[in-house]
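1. this is a predicted model, with the sequence first.
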Amino acid sequence: MAKISMLLVGVWLLGSWTGLLDAEYMKYKDPKQSIDTRVEDLVSRMTLEEKIGQMLQIERKYASADLVKKYFIGSVMSEGGSIPAPQASAETWINMVNEFQKGALSTRLGIPLFYGIDAVHGHNTIYKATIFPHNIGLGATRDPELIKRIGAATALEVRATGIQYVYAPCIAVCRDPRWGRCYESYSEDPKLVQAMTEIIPGLQGDVPEILPKGVPFISGKEKVLACAKHYVGDGGTIKGIDEYDTVIDRDVLMRIHMPAYFNSISKGVATIMVSYSSWNGVKMHANHELITGFLKNTLHFKGFVISDFEGIDRITSPPHSNFTYSVEAGVSAGIDMFMNPKLYIEFIDDLTMLVKNKFIPMSRIDDAVSRILWVKLMMGIFENPFADYSLTRYLGIQEHRQLAREAVRKSMVLLKNGQYADNPLLPLPKKVSKILVAGSHADNLGYQCGGWTIEWQGVSGNNLLRGTTILTAVKNTVDPETKVVYKENPDAEFVKSNGFSYAIVVVGEHPYAEMHGDNMNLTIPEFGPETITNVCGATKCVVIIISGRPVVIEPYVSIIDALVAAWLPGSEGQGVADVLYGDYGFTGKLPRTWFKSVDQLPMNVGDPHYDPLFPFEFGLSTKPTKAFYPA
Ligand code: BGC
């Protein structure tokens with residue numbers, strides 16, 4: 001009897017010892033193992049439920065630590081403008097992300113999650129963040145090295161809030177400015193968009209030479225995962241209608257819309273987002289040939305493919321009318337992670353049923369999960385799952401504001417300078433008796449930043465953002481004895497009777513995002529045209545257009561003395577004054593064609609009917625005034 005119990009104790013001891021060993025050594029937790037080995041080990045331990053959870057990204061509003069734990073959720077996100085509290089501090093953001101992370105780490109296998117957000121021109125949802133010019137302005141700089149530095153600054157500000165993943169860059173090639181997302185595109189020219197993919201190594205870090213091309217790469221806790229979007233052809237839809245159909249042959253798709261993906265992949269982009277749009281009638285979210293066939297098999301993209309927000313719902317019309325079909329079509333097409341903000345239980349049930357009934361093979365699920373885990377292991381989140389509070393110091397720092405200011409001045413495009421070439425108006429004199437600043441956009445930070453700022457559709461006014469308006473920038477720059485009068489929409493009489501030396505008129509589009517910005521007439525909203533006419537008819541004027549794209553300007557050009565396209569410059573309006581007053585010269589060049597009338601659209605450089613008001617690449621230059629550079 002004693003012998004038997006000794007034996008039992010021995011067996012028990014052995015069992016618990018191996019159990020202990022198991023608990024102590026799991027290959028996937030060992031950073032000394034290769035990422036491939038770790039992924040393989042981890043996937044082999046996962047249940048179907050755990051795998052499907054990894055494939056989900058849900059919105060913070062519907063998430064909690066418990067829910068993350070219960071459904072093994074792989075990622076949480078903020079949709080445009082979704083914040084934990086009004087004017088939340090960096091610490092509040094970190095607390096929220098860390099809380100979700102606790103839920104993820106308390107699951108059986110303890111797979112950490114990452115948090116995603118649209119940081120598309122700086123960390124644009126966050127109060128006090130630096131807001132950089134939107135992509136169209138960055139395209140005007142023609143300066144990939146600057147764009148890379150902006151990527152690095154954005155990554156730091158994003159990490160300052162505990163977030164590890166940004167839905168940027170948008171590498172759309174906007175072929176029609178009537179599209180409401182045209183400002184998210186660097187250019188109508190694929191080559192310029194390709195050059196601007198330098199933002200990717202800025203966001204993620206430089207891929208080391210020893211790594212094979214196309215492997216997702218992110219270096220350390222000051223960098224973030226990037227996302228090239230929206231694959232593919234988002235900027236080519238008919239009449240620029242958002243999410244619509246891009247009707248072009250394969251050759252044009254490959255020549256215009258695909259090239260920037262080649263660059264992004266070779267620069268190690270970790271993720272690619274699928275476009276809501278269709279290509280020749282086929283929804284991209286259901287396009288197996290382009291996602292699995294071309295992107296994964298031909299281009300050997302090794303990161304993961306993410307759907308757009310409720311992207312698979314929109315495979316059917318009306319959206320979400322046959323969700324089981326949408327799940328099957330999206331997963332089968334090759335999408336790996338699903339931005340499925342709210343209806344995650346439906347997704348889980350449908351996908352479970354589809355796998356159990358062999359409509360979707362387990363190998364497809366394993367491919368999706370392996371890609372997601374590969375990225376998670378590469379980014380080091382298993383070793384450092386929690387955000388580092390010491391990074392909060394980077395949010396909106398002076399250095400980043402200086403960088404944004406540099407980007408602003410390099411993005412200004414001077415379209416006209418004086419009624420005659422030998423009598424330029426710019427640079428403006430700093431010391432005169434009295435000047436007028438006018439227009440709806442002269443003293444409005446929200447307008448200056450455009451859509452995707454604080455809120456999805458942007459904001460109006462100066463209270464929700466930190467930065468410098470153009471009015472303040474002008475006041476900062478002129479001689480203290482120069483009187484600056486500000487009137488939003490003065491009548492001609494007021495202008496005439498005041499004896500201004502010159503006027504600065506700042507007008508443009510009101511903020512918008514996505515389909516809300518689709519616009520078939522592209523006129524400057526009221527009272528912009530009226531302000532231009534009243535002011536420029538009565539005194540010497542420079543007109544600054546704040547817009548996400550070329551707008552109708554031809555009818556006013558003759559009365560305008562100097563004309564500047566400022567795009568959506570962001571929080572650092574001082575950069576505008578830098579060039580107006582000649583502290584720096586104008587160097588920006590048009591990243592897109594400026595049309596005469598909308599009837600010409602679409603019209604892009606190289607088109608047979610090309611007859612622009614200002615051609616692609618146009619931009620006058622000025623020399624900096626010497627006074628700024630003492631000998
Ligand atoms: C947009 C994406 C964006 C996503 C998440 C979608 O509506 O198309 O560009 O990343 O929302 O906010």
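-> Ah, there it is.
2. quick one: name the residues of this structure near the ligand.
-> 79-80, 118, 167, 229, 308-309, 514 (Cβ under 6 Å from any ligand atom). For glycine as for every other residue, the C-beta is placed from the backbone atoms N, C-alpha and C.
3. quick one: which of those sit in strands?
-> The strands, defined by DSSP state E, take in Lys229 from the residues of the chain next to the ligand.
4. what's the most distant pair in the residues of the chain next to the ligand?
-> The most widely separated members of these, counting by Cβ to Cβ, are Glu79 and Lys229 (14.4 Å).
5. neighbour-wise, which of these two wins?
-> Lys229 (24 against 18; other Cβ atoms under 10 Å).
6. please look at that one and Arg181 and confirm they touch.
-> No. With contacts counted by Cβ atoms under 8 Å, Lys229 stays clear of Arg181, the gap being 10.3 Å.
7. between these two, what contacts are shared?
-> Taking Cβ atoms under 8 Å, 6 or more residues apart in numbering as the contact rule, the neighbours common to Lys229 and Arg181 are 170, 172.
8. minimum distance to the ligand, which residue of the stretch 101-250 of the chain gives it?
-> When scored by Cβ to the nearest ligand atom, the stretch 101-250 of the chain has Tyr167 as its residue closest to the ligand, at 3.5 Å.
9. low-confidence regions, the stretch 101-250 of the chain specifically.
-> For the stretch 101-250 of the chain, applying pLDDT under 70 flags no range at all.
10. in it, which spans are helices?
-> 135-141, 144-159, 190-196, 199-204, 250-252 (DSSP state H, counting those that start in this stretch).
11. report how many residues lie close to the residue of the stretch 101-250 of the chain closest to the ligand.
-> Neighbour number of Tyr167 under other Cβ under 10 Å is 25.
12. got the phi and psi for it?
-> phi -90, psi 70 (degrees, to the nearest 10).
13. tell me which helix or strand the residue nearest to Phe386 when sequence neighbours are not counted sits in.
-> Distances taken as Cβ to Cβ, 6 or more residues apart in numbering place Asn98 nearest to Phe386, at 5.3 Å, with adjacent residues excluded. Using DSSP states H and E, Asn98 sits in helix 90-105.
14. so what secondary structure elements neighbour that helix?
-> helix 65-71 (3 or more Cβ pairs under 8 Å, 6 or more residues apart in numbering; DSSP states H and E).
15. alpha carbons of the helix it packs on, as CSV, please.
-> Extracted in CSV, the C-alpha atoms of helix 65-71 (Å, rounded to 0.1, in the frame of the first residue of the first chain):
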residue,chain,number,x,y,z
ALA,A,65,-11.4,44.7,-20.5
ASP,A,66,-13.9,42.0,-19.7
LEU,A,67,-15.3,41.9,-23.2
VAL,A,68,-11.8,41.8,-24.6
LYS,A,69,-11.1,38.8,-22.4
LYS,A,70,-14.4,37.1,-23.0
TYR,A,71,-14.1,37.2,-26.8
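16. quick one on the thing from earlier: report the angle between the helix holding Asn98 and helix 144-159.
-> Here helix 90-105 runs at an angle of 70 degrees relative to helix 144-159 (axes from the mean of the first three to the mean of the last three Cα atoms, to 10 degrees).
17. what sits closest to Val224 if chain neighbours are left out?
-> Ala155 (4.7 Å).
18. burial count for the one you found?
-> 27.
19. could you measure from it over to Ala88?
-> To Ala88, Ala155 is 19 Å away according to Cβ to Cβ, to the nearest Å.
20. now do Ile544
-> Taking Cβ to Cβ, one finds Ile544 at 32 Å from Ala88.
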